[in-house]
Each structure stands twice: as structure tokens, then as C-alpha cells.
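A.B. asks: What follows is a predicted protein model with its sequence.
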Amino acid sequence: MRKMVQGTEHEYTLYCRKMGTMGFDPHMMALDLLRDSDLHLAGEFITNGSRVYYDVGHFEVSTAETTNFHDVVVWEKAGEKILDWLRRVMEEKYTGDMKIHAFKNNTSPDGTSYGSHENYCVSRDVPFPGQYLRDLVPHLATRFIYTGAGDILRGKYVLSPMAFLTSQVISGETMHDTGILNTRDEPHADGRVWRRLHVIVGDALMNETAIMLRHFTTSAVLQLMEDGRLDDVPRLKDPIRDVWHNVELRNPEQWKVELEDGRIVSPIDVQRYYLEKIETTVQDDWERRAMRTFEEVLDGLENRRSKDLARRIEWLDRYYAIQEAGAKKAGPEVEMMACKQYSEIGAERSLFYKRQRAGLVERMTDDDAIKKAIQEPPKDTRAALRRELCDTFNIEMIDWSMLVVNDGTRRRIDLLDPYATKMEAPYATAS
């Protein structure tokens with residue numbers, strides 16, 4: 001596979017009953033602590049290349065630009081650890097014996113959804129939206145069988161809350177009337193060359209393997225589209241109807257989609273089409289491992305090996321965690337609490353991290369890599385160049401694709417090439 005700049009955005013929720021009664025917002029307090037720490041770089045950017053900011057009542061982390069599915073996992077997990085560190089500092093500094101909870105959830109108990117978005121830097125040459133509707137939507141509408149986070153919505157368990165809440169095939173909205181394919185076009189790069197594909201139909205995930213599979217498969221499909229190597233894609237007659245049907249069913253034997261030619265097949269069959277195509281792009285050891293995992297997951301779903309798959313599929317593992325909690329103390333409130341506690345990022349309280357420590361969840365990276373990514377940006381994207389410039393100059397203004405330095409002349413430096421790591425690189429020029 002070629003390198004493809006990509007990353008994620010997550011809205012995290014912080015909750016502290018004591019702070020709420022005192023009129024304090026823990027999200028803003030966490031941001032203030034971050035800006036006063038050694039991790040702060042300039043503006044809303046931190047030393048590892050990520051952008052951290054306050055967005056509609058949430059603590060949002062947009063990861064640094066990465067070029068592959070493995071680095072996405074590492075830098076996304078680094079964002080979790082940074083927020084968890086801030087949470088612990090606030091507990092020690094401000095709240096006494098009151099606990100602050102930090103969640104990487106998709107919805108609140110009242111059904112309010114949070115943003116968890118993927119971004120892919122794709123070629124402007126691929127016709128939009130036509131080719132995306134034809135080649136990508138069938139993937140996005142069926143991948144949740146292995147990328148879903150699971151959740152309880154309206155009293156029932158669903159495989160993917162964001163898929164469940166999607167109501168359009170194509171839409172420019174990000175908060176309501178959302179679509180499988182989003183039309184937002186803010187490239188944060190040279191718009192003549194690149195488009196930023198904004199994918200909002202995915203879930204916030206805790207499981208490293210699920211995150212890896214989401215980005216491995218989707219970036220591979222996008223590269224195959226750019227190369228014109230997808231033919232006879234199994235197009236869905238009514239993608240929204242199929243999503244709504246399958247997202248509420250835990251039994252793979254009940255899953256089905258109707259193709260435009262009238263055939264009824266399983267979402268697994270649609271994903272197998274992509275698997276065969278993606279196999280032709282695999283080159284290195286990480287890609288071979290991801291490819292093997294993808295194939296094993298589809299085989300496991302087809303053969304209903306759910307206990308084995310729970311190590312890799314979050315909606316399955318969360319379901320088992322909820323069932324275990326319900327076996328100890330029955331009731332819908334207990335199940336909802338377990339569902340939300342699964343996504344708590346504090347390792348001492350999170351059901352997910354409890355299961356990971358017990359060896360019930362497969363990992364795709366390690367703590368040393370994540371610890372390094374807390375401090376440092378990826379070395380093969382403009383995130384490294386942005387860090388170097390911020391370390392060198394006094395920065396007056398900064399964004400993904402530009403910054404203004406105050407060196408006596410107030411220069412603007414454009415970073416329109418997301419792959420640029422040196423000032424000599426194309427687009428990384430001062431004006």
C-alpha cells in the first residue's frame with residue numbers, strides 16, 4: 001500500500017458531579033492545564049502534532065497527520081492517555097475525594113451522539129461524489145460488522161450507534177441528518193491536488209484491532225479507487241434500509257443486503273469482495289498481519305465463532321461485558337452503566353481496560369509506542385515540520401496548513417503538502 005495521510009477526531013466527555021454543582025467545566029479546566037504543560041506547542045496544537053480544543057461542550061482531540069493504519073492506532077491511543085493524565089491531575093488538584101470520569105463514548109444515556117470522525121487525504125482526480133457512491137458506500141455501509149463499537153439505544157443493543165443514527169446515503173451534515181458519505185470539503189492542504197474525505201459514519205473505538213481494521217480496509221479501498229482497480233463492486237439497492245436492518249442483529253445468519261441486481265447476500269459477502277481486492281495491495285509485514293486479521297475476522301463471523309472474535313470486535317466484547325455485569329445484578333440501569341463504563345478511559349475504572357489487562361482483548365501496538373507518541377509527532381508527515389518550525393520560531397498563528405511566525409517580518413509559512421517533512425519540500429514555502 002502507498003502512504004495515505006489520515007487521522008481521527010474524537011469528542012471526549014468529562015464528568016464530575018462536584019464540579020458541576022460548583023459551576024466549573026472540567027473540559028475547559030483540562031484544556032487550561034494542557035496549555036500550561038510541557039505538551040503545549042502553539043495555539044491549539046501540542047507537541048505530538050495533534051490539535052486539542054473545546055468543541056460544543058466536549059474535549060476534542062484531532063490526531064496528528066499519520067500515513068498508515070498502524071500509526072493511526074498509536075496516535076489515537078496517545079490522545080486517550082493525554083486526557084487520562086489531565087483527568088488524574090485535576091482529581092489530585094481540584095476535587096479531593098470526588099472522581100472525574102472521562103469517556104470515549106458514542107452516545108450519552110439520553111441518546112445524544114458525540115463526534116468520532118475519520119479523515120483521509122485523497123486524490124482530487126477521483127470523481128466526487130459519483131465514484132464514491134459507487135465504490136466506497138458499499139464498504140462503509142457494511143464494515144460495521146467488524147468496526148462497530150456496540151451501544152444500547154432506545155432500549156436495544158445495536159452493533160454500531162453511528163450507523164444506527166445515520167439517515168441519508170449522502171449528506172453535508174455532521175450533527176443531524178447524517179449520511180454514509182459526507183460531502184464536507186475542507187482539504188487542509190492544496191485543494192487543487194487533494195480532498196479531505198470526512199467519514200462520520202464510524203464509531204469511537206477502544207479496541208486497537210478494530211481501529212486498525214477500520215483504517216486498513218478503508219484506506220486500501222480509497223487507494224484502489226484512485227488506481228481504477230475496483231470493478232463490479234456489489235452495489236446496494238437501498239444502503240440505509242440495509243444498515244438499519246443489520247445494525248440491530250447480533251446473529252450473522254440474519255444479516256442481509258439487497259444488491260441492485262436483485263440478489264440477496266450477506267454484508268460478509270460484500271466485505272469479501274473488498275478483501276480480495278485489498279489483498280493485491282499488501283506489501284509489508286504490518287499489511288500482511290492486517291490482511292490476515294481481516295480474513296480471520298470475516299471467517300469467524302461467517303462461522304459464528306463469537307467468543308474468539310470478541311478479542312478483535314468491539315461490539316461483541318462490549319456485549320459480553322454487559323452480560324457479565326447483568327449476571328451479577330440484573331436491570332436495564334446496570335446494563336446501561338456497564339455499556340458506558342466500558343468506554344471510560346481511566347484504566348482503573350474502564351471495563352475495556354480491565355478486559356485488556358486480563359488478556360481478553362488483542363492489541364496492535366504497545367505502551368512504549370504510545371508513550372513515545374504522547375510527546376512526538378509522526379516523522380513522515382508535515383506534523384514533524386510543524387513541530388520543528390514551532391520549536392524554531394515565535395508563532396503568532398497556526399493551523400493545519402499554515403502558520404505565521406514573528407521573526408521581525410511576520411512571515412506566513414504555508415504547509416499545503418501534508419507529506420512534507422522539510423522546508424525544501426513542495427508547498428512548504430515561506431511568503
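C.D. replies: That came through, no problem.
A.B. asks: how near is residue 290 to residue 365?
C.D. replies: Remark: distance between residue 290 and residue 365 (CB to CB, to the nearest Å) = 13 Å. C-beta: built from backbone N, CA, C; applies to glycine.
A.B. asks: more crowded one of these two?
C.D. replies: Neighbours were counted for residue 290 and for residue 365 using other CB atoms under 10 Å; residue 290 has more, 25 against 19.
A.B. asks: If you count residues, where's the longest helix of this protein?
C.D. replies: Longest helix of the chain, by residue count under DSSP state H: helix 69-90.
A.B. asks: Going by contacts, tell me the helices and strands next to that one.
C.D. replies: Contact here means 3 or more CB pairs under 8 Å, 6 or more residues apart in numbering; DSSP states H and E; on that basis helix 69-90 packs against strand 6-15, helix 26-35, strand 58-62, strand 101-103, helix 208-226, helix 285-302, helix 367-375.
A.B. asks: Let me have the ones you listed in TSV, extended by distance to residue 328 and mean pLDDT.
C.D. replies: Shown next, in TSV, are these (distance: least, CB to CB, whole Å; pLDDT from 0 to 100):
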stretch	distance to residue 328	mean pLDDT
strand 6-15	23	96
helix 26-35	30	95
strand 58-62	32	96
strand 101-103	21	95
helix 208-226	26	99
helix 285-302	28	98
helix 367-375	30	99
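A.B. asks: Of the ones you listed, which is nearest residue 232?
C.D. replies: Proximity to residue 232, assessed across the helices and strands packed on helix 69-90 by CB to CB, is greatest for helix 208-226 (12.7 Å).
A.B. asks: Now do the closest one against helix 69-90, angle only.
C.D. replies: 140 degrees (axes from the mean of the first three to the mean of the last three CA atoms, to 10 degrees).
A.B. asks: just checking, what packs against helix 208-226?
C.D. replies: Judged by 3+ CB pairs under 8 Å, 6+ apart, helix 208-226 is in contact with helix 69-90, strand 116-123, helix 130-135, helix 137-140, helix 144-147, helix 267-278, helix 285-302.
A.B. asks: Would you mind listing the buried residues in the longest helix of the chain?
C.D. replies: Within helix 69-90, the residues that count as buried by 16 or more other CB atoms under 10 Å are 69-87, 89-90.
A.B. asks: Low-confidence ranges, the stretch 301-431 of the chain, go.
C.D. replies: In the predicted model, the stretch 301-431 of the chain carries pLDDT under 70 at residues 424-431.
A.B. asks: so where do the helices sit in it?
C.D. replies: Along the stretch 301-431 of the chain, counting by DSSP state H, counting those that start in this stretch, helices occupy 306-309, 314-328, 332-341, 351-357, 367-375, 382-392.
A.B. asks: can you put these in a markdown table and add distance to residue 15 and mean neighbour count?
C.D. replies: Shown next, in a markdown table, are the helices of the stretch 301-431 of the chain (distance: least, CB to CB, whole Å; neighbours: other CB atoms under 10 Å):
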| stretch | distance to residue 15 | mean neighbour count |
| --- | --- | --- |
| helix 306-309 | 31 | 15 |
| helix 314-328 | 19 | 19 |
| helix 332-341 | 10 | 17 |
| helix 351-357 | 16 | 19 |
| helix 367-375 | 23 | 15 |
| helix 382-392 | 31 | 20 |
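A.B. asks: nearest residue to residue 339 other than its sequence neighbours?
C.D. replies: Using CB to CB, 6 or more residues apart in numbering and skipping the chain neighbours, the partner closest in space to residue 339 is residue 152 (4.9 Å).
A.B. asks: any idea how far residue 356 is from the one you found?
C.D. replies: Counting by CB to CB, the gap from residue 152 to residue 356 is 21 Å.
A.B. asks: Repeat that for residue 225.
C.D. replies: From residue 225 over to residue 356 (counting by CB to CB), the distance is 34 Å.
A.B. asks: Kindly report the same for residue 172.
C.D. replies: Distance, residue 172 to residue 356, using CB to CB: 37 Å.
A.B. asks: SS state for the nearest residue to residue 181 once chain neighbours are set aside?
C.D. replies: With sequence-adjacent residues excluded and distances taken as CB to CB, 6+ apart, residue 181 is closest to residue 170, at 4.6 Å. Residue 170 carries the three-state label strand when classified by DSSP: H, G, I helix; E, B strand; the rest coil.
A.B. asks: Run a quick neighbour tally on residue 170.
C.D. replies: 14.
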